[in-house]
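K.L.:
turn this into a model:
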Amino acid sequence: MFLATECVVSFLTVVTNGLVLAAVVHNPALRKPGNWFVVNLAVADLFVGVLTPPLVIISETSVIKNFYLCILNNSVIGAIVINSFTSLACLVYDRFSLVRNAFHTSTTESVMAKLGLSWVVSLAFGMVPLMGWHNDRSEYRQCRYREVIPLEYNVYLQMFGFFIPFLLAMLIVHTLVFREFRKSNRLMAYKSHETRRLVRYLTKREKRLFESLVLIFILFTVCWLPHYIVTCIHLFCPETMVNFYMEFFFVTLTHTNSVVNPVVYALGQSEFRHALHKLFPFLFTADKYYQGTSSHMRQIPSCEECWI
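P.N.:
All right, here's what the predicted structure looks like:
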């Protein structure tokens, strides 16, 4: 059951994230700086779908006998998990910048620098067990994740180092965005008719971005929090027994986050759906909103007096 479930999740992860990459490859219009955050997250999630299930299965079935190869195998799992966090954080930061400033643009160089840093951080912290933070070799019996990787690594580094700070950052982002909406609504009364039309259009766009941020927060929390709660129980209350099937379900739930990510960030955008409709017209319907965007944009006034 474990193997079959992991294979299904892995297949769905490859399909959903593969659609995102296919849309970008076949549509040059999507290759703009802001979308590289989406592409990077799709690549990170592909690693989760393609590499994590096999590595977890190898670890849990004790195929590897060498102690250091076992640590390397499980360190790669840790690096993939952290990379998923950092890639998601980069995307959220870009979406937040768009909500704070509707005319925010990123250069390709700045985007690549941020993404490169996220991968370096992921690899550096993911390989910490290989550098010495692992269980004693003398106690090594079989290549299972908890046999070689300390629970403290998962709790103190992954959870308190990346997971909780990301959740706190998301709460701060939602608070700041809510204030921006209130500020925009107060300023509407002092603007000209033409400028109000533009502000209303941009506010709708920002509202969709804000809704995606809320969905990001909910899905990320639902998928990852139960797993870390169980890990904390194992560390701080080792005498407490946790049902094996429940624990397995929570591990699988963390992997499903990579399935839903592209649905929220990419497939929910008109430009991506339009590109996928051209590639797979039998799977995706034409987006009427996207088709009418160009003519609508021509009716929007100049942005010289957009913000006071």
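K.L.:
counting neighbours, what do you get for the residue nearest to L3 when sequence neighbours are not counted?
P.N.:
In space, and not counting its chain neighbours, L3 is closest to I57: 6.3 Å by CB to CB, 6 or more residues apart in numbering. Where C-beta positions appear, they are placed from N, C-alpha and C, glycine not excepted. As a burial measure, I57 scores 14 neighbours (other CB atoms under 10 Å).
K.L.:
now swap in N66 and tell me
P.N.:
By the criterion of other CB under 10 Å, N66 has 11 neighbours.
K.L.:
distance check, it against G132.
P.N.:
Distance, N66 to G132, by CB to CB, to the nearest Å: 17 Å.
K.L.:
check V148 too.
P.N.:
12 Å.
K.L.:
what do you get for L117?
P.N.:
Taking CB to CB, one finds L117 at 24 Å from G132.
K.L.:
who are the neighbours in contact with the residue nearest the centre of the chain?
P.N.:
Nearest to the geometric centre of the chain sits L88, at 3.3 Å (CA atoms, centre = their mean). For L88, the contact set (CB atoms under 8 Å, 6 or more residues apart in numbering) comprises 41, 44, 166, 216, 220, 261.
K.L.:
tell me the least confident of those residues?
P.N.:
In this model, the minimum pLDDT among those belongs to I216 (78).
K.L.:
which stretches of the stretch 201-308 of the chain have low pLDDT?
P.N.:
201-210, 267-268, 283-308 (pLDDT under 70).
K.L.:
mind redoing it with 90?
P.N.:
Under the criterion pLDDT under 90, the flagged ranges of the stretch 201-308 of the chain are 201-221, 238-249, 251-308.
K.L.:
returning to that earlier point: looking at L117 and G132, which one has more neighbours?
P.N.:
For L117 versus G132, neighbours defined as other CB under 10 Å are more numerous around L117 (12 against 7).
K.L.:
that older thread, report the secondary structure state of the residue nearest to L3.
P.N.:
Reduced to three states with DSSP: H, G, I helix; E, B strand; the rest coil, the structure at I57 is helix.
K.L.:
verify the stated contact: it with E6.
P.N.:
Yes - using CB atoms under 8 Å, I57 is in contact with E6, at 6.6 Å.
K.L.:
what residues do those two have in common as contacts?
P.N.:
Here I57 and E6 share no contacting residue, scored by CB under 8 Å, 6+ apart.
K.L.:
and the gap between I218 and V259?
P.N.:
As judged by CB to CB, I218 and V259 stand 15 Å apart.
K.L.:
mind listing the helices for the stretch 201-308 of the chain?
P.N.:
244-265, 270-279, 288-291, 293-298 (DSSP state H, counting those that start in this stretch).
K.L.:
tally of neighbours for T13?
P.N.:
27.
K.L.:
please read the previous query as pertaining to R137.
P.N.:
R137, neighbours per other CB under 10 Å, totals 10.
K.L.:
now do the same contact list for it.
P.N.:
F67.
K.L.:
hmm, back to that, ok, the residue nearest to L3 to K65 distance?
P.N.:
Separation of I57 from K65 (CB to CB): 16 Å.
K.L.:
contacting residues for the closest residue to T108 other than its chain neighbours?
P.N.:
Leaving aside its sequence neighbours, T108 sits nearest to P33 (CB to CB, 6+ apart; 5.0 Å). Listed by CB under 8 Å, 6+ apart, the contact partners of P33 are 105-108, 110-111.
K.L.:
which of those are buried?
P.N.:
Neighbour-count burial (16 or more other CB atoms under 10 Å) applied to those gives 106, 111.
K.L.:
put together a markdown table for the contacts of P33, with secondary structure and pLDDT on each row.
P.N.:
Shown next, in a markdown table, are the contacts of P33 (DSSP: H, G, I helix; E, B strand; the rest coil; pLDDT from 0 to 100):
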| residue | secondary structure | pLDDT |
| --- | --- | --- |
| T105 | coil | 68 |
| S106 | coil | 72 |
| T107 | coil | 80 |
| T108 | helix | 82 |
| S110 | helix | 85 |
| V111 | helix | 87 |
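K.L.:
any idea which of the contacts of P33 is closest to N73?
P.N.:
Nearest to N73 among these is V111, at 31.7 Å by CB to CB.
K.L.:
the closest one reaches V39, doesn't it?
P.N.:
No - between V111 and V39 there is no contact under CB under 8 Å: 9.9 Å.
K.L.:
which residues does stretch 165-176 contact?
P.N.:
Here stretch 165-176 makes contact (CB under 8 Å, 6+ apart) with 85, 88-89, 92, 96, 100, 210, 213-214, 216-217, 220-221.
K.L.:
apologies, that question was intended for stretch 262-269.
P.N.:
Stretch 262-269 is contacted by residues 16-17, 19-20, 23, 38, 41-42, 45, 91, 212, 215-216, 219, 272-273, 276 when judged by CB under 8 Å, 6+ apart.
K.L.:
buried ones in that stretch?
P.N.:
Here stretch 262-269 shows 262, 264-267, 269 as buried, counting by 16+ other CB under 10 Å.
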